[in-house]
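Peer 1: compute the structure for the input listed below.
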Amino acid sequence: MSSRLIYGFHAVTAKLRHDPESVKEILFDATRQDARLRDLLKHAELQDVRVLAVDGKRLDGMATGGRHQGVIARIEGGRKAAHLDDVLDTLEEPAFLLVLDGITDPRNLGACLRVADAAGVHAVIAPKDRAVGLTEVAAKTACGAAESVPYVMVTNLARTLRELQEREIWVIGTAGEADSDLYAAEWPKATAWVLGAEGEGMRRLTRENCDQLVSIPMRGSVESLNVSVAAGVCLFEARRRLG
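Peer 2: Modelled structure (predicted):
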């Protein structure tokens with residue numbers, strides 16, 4: 001069976017909590033002896049996960065440039081594919097979704113996943129084309145959120161948005177030129193928030209399949225925000241209204 005690596009305290013800890021059976025071993029920097037590492041190793045021991053003390057340079061090579069924080073876990077098997085219907089069919093509250101259109105930078109994706117997790121989003125949706133997959137860099141940037149927030153990749157994003165609408169989920173796109181202000185706009189409880197890449201924004205078909213477009217008020221000289229920052233602004237305003 002294939003294996004993959006995840007690294008960083010948040011990602012490894014989240015995997016131990018949510019899917020400990022898949023964690024085959026944890027490698028840690030032998031020179032690190034702080035309380036945070038001791039807590040992680042104790043949790044691994046309770047889950048009967050093998051731990052290995054190694055040289056920090058070995059971890060540097062395994063992380064291929066990522067910040068591993070002195071801990072890497074070897075995971076058996078690939079990530080389980082998330083299916084949108086499975087997520088929506090199990091909800092007992094109004095759907096709260098984030099849709100990303102054209103995000104190709106893994107760090108931006110990871111940051112969006114982290115924001116989505118913090119805001120209580122049920123799933124993040126992205127197209128399979130013109131979008132980055134859930135790479136190790138994205139997972140590391142997500143600080144554990146890649147293991148806790150379903151990441152659903154779909155073949156046809158426009159069709160998926162229409163399917164959400166059939167489930168009475170209101171699709172809200174964000175666009176700098178939209179007349180409706182985020183803080184003045186009204187929307188139902190069940191929502192899917194759509195954000196495009198910085199600069200290019202949403203694709204035409206994506207925009208046409210939104211029920212509503214809103215803009216984030218910009219008071220300074222910059223014209224746009226990084227997609228993860230914009231996601232945080234929108235999602236936490238939506239979460240505030242959900243209570």
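
Peer 1: give the other helices and strands that the helix of greatest length in the chain contacts.
Peer 2: The longest helix of the chain (DSSP state H) is helix 227-242. Under the contact criterion of 3 or more C-beta pairs under 8 Å, 6 or more residues apart in numbering; DSSP states H and E, helix 227-242 touches strand 96-101, helix 106-119, strand 170-174, strand 191-196. Quick note: C-beta positions are derived from backbone N, CA and C, even for glycine.

Peer 1: separation between residue 31 and residue 112?
Peer 2: In this view, residue 31 and residue 112 are 34 Å apart by C-beta to C-beta, to the nearest Å.

Peer 1: brain fart, residue 233
Peer 2: 12 Å.

Peer 1: more neighbours, the two?
Peer 2: residue 112 (31 against 17; other C-beta atoms under 10 Å).

Peer 1: how about the strands in the chain?
Peer 2: Counting by DSSP state E, the chain has strands at residues 3-7, 23-29, 50-54, 71-76, 96-101, 123-127, 151-154, 170-174, 191-196, 212-214.

Peer 1: which regions of the protein lie under the pLDDT threshold?
Peer 2: 1, 65-66, 78-81 (pLDDT under 70).

Peer 1: show me the contacts for the spatially most central residue of it.
Peer 2: With distances taken as C-alpha atoms, centre = their mean, residue 113 lies nearest the centre of the chain, 1.8 Å away. Neighbouring residues of residue 113 by C-beta atoms under 8 Å, 6 or more residues apart in numbering: 124, 138, 141-142, 145-146, 149, 151.

Peer 1: then residue 164?
Peer 2: Contacts of residue 164 by C-beta under 8 Å, 6+ apart are 95, 97, 171, 192.

Peer 1: quick check, nearest of those to residue 3?
Peer 2: Checking the contacts of residue 164 against residue 3 with C-beta to C-beta, the nearest one is residue 97 at 30.6 Å.

Peer 1: for residue 181, give its distance to residue 193.
Peer 2: In this view, residue 181 and residue 193 are 15 Å apart by C-beta to C-beta.

Peer 1: okay, these two: which has more neighbours?
Peer 2: Taking other C-beta under 10 Å, residue 181 and residue 193 do not tie; residue 193 has more neighbours (26 against 11).

Peer 1: who's the more buried one bridged to?
Peer 2: residue 98, residue 172 (DSSP bridges).

Peer 1: likewise the one 4 residues further on?
Peer 2: Judged by DSSP bridges, the bridge partners of residue 197 are residue 201.

Peer 1: wait, what's in contact with it?
Peer 2: Listed by C-beta under 8 Å, 6+ apart, the contact set of residue 197 reads 101-104, 227.

Peer 1: repeat that for 7 Å
Peer 2: 102-104, 227 (C-beta atoms under 7 Å, 6 or more residues apart in numbering).

Peer 1: coming back round to it: and which of the contacts of residue 113 is nearest to residue 27?
Peer 2: Minimum distance to residue 27 across those is 19.1 Å, recorded for residue 146 (C-beta to C-beta).

Peer 1: skip the chain neighbours and tell me the closest residue to the closest one.
Peer 2: residue 139 (4.0 Å; C-beta to C-beta, 6 or more residues apart in numbering).

Peer 1: next one: the one you found from residue 116, what distance?
Peer 2: According to C-beta to C-beta, residue 139 stands 14 Å off from residue 116.

Peer 1: how about residue 203?
Peer 2: Taking C-beta to C-beta, one finds residue 203 at 21 Å from residue 116.

Peer 1: of these two, who's got more company?
Peer 2: residue 116 (28 against 16).

Peer 1: so residue 94 makes contact with residue 187?
Peer 2: No. The criterion here is C-beta atoms under 7 Å, and residue 94 misses it with residue 187 at 10.8 Å.

Peer 1: and these two? Which one has more around it.
Peer 2: Between residue 94 and residue 187, residue 187 has the larger neighbour count (other C-beta under 10 Å), namely 17 against 14.
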